[in-house]
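Chemist: Next input, structure requested:
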Amino acid sequence: MTKKFYFFLISGFLMANFLFLISPVLVHAQGNSATSAVTSESELELPQPLGHRSPAVIIGDVLKYILGFVGVIALVMFVYGGFTWMTSGGSPDKIKTGKNAIVWAVIGMAFIFLSYAIVEFLLKAFLNK
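Modeler: This next block holds a predicted model:
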């Protein structure tokens, strides 16, 4: 059961990312008339997806994106811990499991916020962003 859940979760995440990566190409392709044949190489040019940004800025943006995704996972774990604790029915094992999930989710969120602050600081300090 859990293997299927994780498979579909990861597959959905990868498909959503693929759609976000391919959407500029699709929008550019729709700008040209779909019925005309490609007659020159200039019609095959695609827009530059990175723009005029340096690789360091791109790496910083990717790190922020990853930290945001990990923050969502920490929030889900926080909710899971609260749900486990509230539905424990007085069972000491489930209460302990719920409390531990909440404590570790809070610690994880603290590390995520700290990491995000460090990435922001480094981007501003070294890249004058």
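Chemist: can you list the domain ranges for the protein.
Modeler: Following automatic domain parsing, one finds the domains of the chain at 1-49, 51-129.
Chemist: Can you flag the weakest of those domains by average pLDDT?
Modeler: Least confident of these, judged by mean pLDDT, is domain 1-49 with a mean of 61.
Chemist: how far out from the middle of the chain is the longest helix along the chain?
Modeler: Across the chain, the longest stretch assigned as helix under DSSP state H is helix 92-127. Chain-centre distance of helix 92-127: 16 Å, with Cα atoms, centre = their mean, to the nearest Å.
Chemist: Buried residues in that helix, which are they?
Modeler: Neighbour-count burial for helix 92-127, counted by 16 or more other Cβ atoms under 10 Å, picks out 97-98, 101-102, 105, 108-109, 112, 115-116, 119, 123. All C-beta atoms are positioned from the backbone trio N, CA, C, and that covers glycine.
Chemist: quick one: which two of those are the most distant?
Modeler: T97 and L123 (38.4 Å; Cβ to Cβ).
Chemist: Give the burial count for G60, as a bare number.
Modeler: As a burial measure, G60 scores 20 neighbours (other Cβ atoms under 10 Å).
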